[in-house]
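*Asks:* 3D model of this:
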Amino acid sequence: MGERLRKMLLPGKRQMIKMLMLAAKIAVGSSIAIYVAELLELQFSASAGIVTLLTLVTTKRGTIKLALARFATFAVVVLFSWMTFIPFRSEWLAFGVFIFLTVLMCQVSGWMATLSVNAVIGTHFLTTLDFSPSFFLNEFLLVFIGSTIAFVLNLFHHNRSQEEHLRDKMAYTEEQMQFIFGEVAAYLSNKAMEVDVWGHVTRLEGAIREYIKEAYEYRENSFRSDPEYYIDYFEMRMDQCKTLYNLHSGMWWLRVVPEQAGPLAEYMLYLAEHVTELNVPEPQLERLEQDRKSVV
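*Replies:* Take a look at the predicted model:
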């Protein structure tokens, strides 16, 4: 009972640790960004902390993409500020036009994630109406400091523990699928089923769906090439679950399992032994072909 309770609490514990780590990184990163901006005597130094905050919520790869997008749109935002804030006397009208142009630019470019920081930069130009090179540099440094600190902090990610977690889930998935194959074989042998195997498949499919999300998250937080392996693995297991559903749909119409299902039951038991990570499927395909010919 204690082991079962530990397994039930573990996902919540992992989620809590992730939340605490993210909150700590945001707090530390934002504070450092503001401190650096103040050391450089930049105006609106607090905005550097906002840039860090808005960047740290992304993954490692996402941080790089977002930083590059912000640098790419920065000059355009300055241009929009100059085009709208100088001619218009009304601040609310000027800012409305500026936001319209900025949102449109972000939508067309596919960089909506940069909108919040671009809007903050725009308010600085609206407040000062200063388009001198020194203020341009001031605003660029705010974006640069915030993005750089976020990138550095995102390098410190619990990739090793996350990979170990994925490997544990791979072993768990294989164990559950072996159990399901055994229960299906029992059903095909006209034996009493001890559990609701189809409900078991449903629960396993839901779990695998979460594992796929975690595998994608792991990939986005790693610069290595192997994370694709975990995505492919769990997506393969998801396809196998769907195949089991198709088998269930066919078996549901059978009031009595025919004697001809015996070889299929034996084959399912044989398959259960080979639901492993490094299994090579050729022998199982050959066995299936032999069984098919013997039945025909």
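*Asks:* ok, how many other residues are close to residue 186?
*Replies:* 17 (other Cβ atoms under 10 Å). For every residue, glycine as well, the C-beta is placed using N, CA and C.
*Asks:* Next: the one 4 residues further on.
*Replies:* The local packing of residue 190 (other Cβ under 10 Å) involves 13 other residues.
*Asks:* Same question for residue 114.
*Replies:* 25.
*Asks:* gap between it and residue 218?
*Replies:* 25 Å (Cβ to Cβ, to the nearest Å).
*Asks:* and what of residue 24?
*Replies:* For residue 24 relative to residue 218 (Cβ to Cβ), the value is 20 Å.
*Asks:* neighbour-wise, which of these two wins?
*Replies:* residue 218 (21 against 11).
*Asks:* just checking, that one touches residue 163?
*Replies:* Yes - contact criterion Cβ atoms under 8 Å: residue 218 and residue 163 qualify, at 6.6 Å.
*Asks:* Can you pull the residues that touch both of these two?
*Replies:* Shared contacts of residue 218 and residue 163 (Cβ atoms under 8 Å, 6 or more residues apart in numbering): residue 230.
*Asks:* what's the next secondary structure element after the strand or helix carrying residue 25?
*Replies:* Secondary structure from DSSP states H and E places residue 25 in helix 2-39. Counting by DSSP H and E, the element after helix 2-39 in chain order, helix or strand, is helix 46-56.
*Asks:* right, and the helix or strand after that following helix?
*Replies:* helix 60-85.
*Asks:* quick one: low-confidence parts of the stretch 101-250 of the chain?
*Replies:* The stretch 101-250 of the chain contains residues with pLDDT under 70 at 157-160, 192-194, 223-227, 248-250.
*Asks:* switch the cut-off to 80
*Replies:* Counting by pLDDT under 80, the stretch 101-250 of the chain has low-confidence residues at 155-162, 186-198, 220-227, 245-250.
*Asks:* What sits closest to residue 69 if chain neighbours are left out?
*Replies:* Excluding the flanking residues, the one nearest residue 69 by Cβ to Cβ, 6 or more residues apart in numbering is residue 111, at 4.3 Å.
*Asks:* Identify the residues contacting the one you found.
*Replies:* By Cβ under 8 Å, 6+ apart, the residues touching residue 111 are 69, 72, 73.
*Asks:* Mind exporting the C-alpha coordinates of stretch 124-134 to CSV?
*Replies:* This file holds the C-alpha atoms of stretch 124-134, laid out as CSV (Å, rounded to 0.1, in the frame of the first residue of the first chain):
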residue,chain,number,x,y,z
HIS,A,124,9.0,54.1,-23.0
PHE,A,125,9.2,56.1,-26.3
LEU,A,126,5.7,57.4,-25.7
THR,A,127,6.7,58.7,-22.2
THR,A,128,10.0,60.3,-23.2
LEU,A,129,9.5,61.1,-26.9
ASP,A,130,13.3,60.6,-27.1
PHE,A,131,14.5,59.0,-30.3
SER,A,132,18.2,59.9,-29.8
PRO,A,133,20.9,57.2,-30.4
SER,A,134,21.6,57.0,-26.7
